[in-house]
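Asks: below: sequence and its predicted model.
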Amino acid sequence: MNTSSVLDRLGALADPTRTRLLLALDRHELTVSELCSVLQLPQSTVSRHLKLLADDRWVSARAEGASRRYALASTIDPAARRLWQLVRGQLAEDVTASQDAERLRSVLAQRRTRSQEFFANSAGRWDALRTELFGPRTDLAALPALLDERWVVGDLGCGTGQLAGTLAPYVARVVAVDQSRAMLAAARARLRDYSNVELRQGELEELPVADGELDAAVLFLVLHYVAEPGRALAEAGRALKPGGRLLVVDMTPHAREEYRRTMGHLWQGFSSEQVDNWLAAAGLEAGRYVTLPADPQAKGPALFSLSAARPKGPAQGLYDGEPAGQNSMMRNATRKLRNRG
């Protein structure tokens, strides 16, 4: 910082009103009206000094609705920041600064009070209000952000691609598999804007996925359509990397026999013991079987979620009792012969 620049900076700090403003904005973002309350000065005075501080790049402002929020600028150069730290240290014992700090605490407390009053009056209708403002899935829509952005995730039995579209923005690649050409066509139309989604046609009992290609996989409301669920789980395990995780979401056992006739269901839900046995036969480590909270508007049976993991060591006890690599080689050879035909 040259001499002229230092003098310019000192000029901005020479006025006590401006230093009081900087002290209030040092750790907080405040509106003009809040600054008026803290300094007990008229709006015209506060606005005039804020403009001078902004022109000298001491403070920054951002618009929020009809108001503006001010804060100490994050772009202050190191020399100016050292100068401000020196001045701030001198102000720490000032009586006026102490009174400003007390009023600042009151202003911040009023903010919290306004929020608390809203929730005290709105607790009974908060869920409906949030749904009205943001839709019914706000509690779930952002959860895929917890996934590792480097992962390859399998949407096994992807249907029309709704889940694949939810996952795609958060991971490196989504491998979406379904046996139905019609479903894949619908998924292709839905997912056309996602370059990291790869659609593949194939049976879940014979996945068109290489050994260890996936970091995670999901079987979402599809297992009840599969002729051999145990084999499908074994195939999902084969496609996972060591340590990879599988999530199964499906129906708990139910007595709605009509689903077999009207929707082609092959299974009337699954118990935890049933799925655990299949996972054990597939060499996968089962996690918790959790019955999901019922949606009051839903007309179908209750759902469960169950997580499983492929062991980090060599895969053992796969569904048909053969080593994973041997199963994969046989499947790949079968596919090649089938494709040639």
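Replies: Cool, got the structure.

Asks: helices of the stretch 1-150 of the chain, residue ranges please.
Replies: Counting by DSSP state H, counting those that start in this stretch, the segments of the stretch 1-150 of the chain that form helices are 3-13, 16-25, 32-39, 43-55, 78-91, 95-122, 126-134, 138-141.

Asks: in TSV: those, plus mean pLDDT.
Replies: Listed next are the helices of the stretch 1-150 of the chain as TSV, based on pLDDT from 0 to 100:
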stretch	mean pLDDT
helix 3-13	66
helix 16-25	92
helix 32-39	93
helix 43-55	93
helix 78-91	84
helix 95-122	79
helix 126-134	72
helix 138-141	73
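
Asks: in JSON lines: the ones you listed, plus distance to Arg261 and mean neighbour count.
Replies: (Glycine included, C-beta is placed from N, CA and C.) Formatted as JSON lines, those follow (distance: least, CB to CB, whole Å; neighbours: other CB atoms under 10 Å):
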{"stretch": "helix 3-13", "distance to Arg261": "80", "mean neighbour count": "13"}
{"stretch": "helix 16-25", "distance to Arg261": "69", "mean neighbour count": "20"}
{"stretch": "helix 32-39", "distance to Arg261": "66", "mean neighbour count": "20"}
{"stretch": "helix 43-55", "distance to Arg261": "72", "mean neighbour count": "15"}
{"stretch": "helix 78-91", "distance to Arg261": "74", "mean neighbour count": "14"}
{"stretch": "helix 95-122", "distance to Arg261": "46", "mean neighbour count": "12"}
{"stretch": "helix 126-134", "distance to Arg261": "34", "mean neighbour count": "11"}
{"stretch": "helix 138-141", "distance to Arg261": "32", "mean neighbour count": "11"}
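
Asks: any chance of these in TSV, with distance to Ser180 too?
Replies: Output for those, formatted as TSV (distance: least, CB to CB, whole Å):
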stretch	distance to Ser180
helix 3-13	69
helix 16-25	60
helix 32-39	59
helix 43-55	61
helix 78-91	62
helix 95-122	45
helix 126-134	32
helix 138-141	26
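
Asks: so how far is His28 from Val59?
Replies: 12 Å (CB to CB, to the nearest Å).
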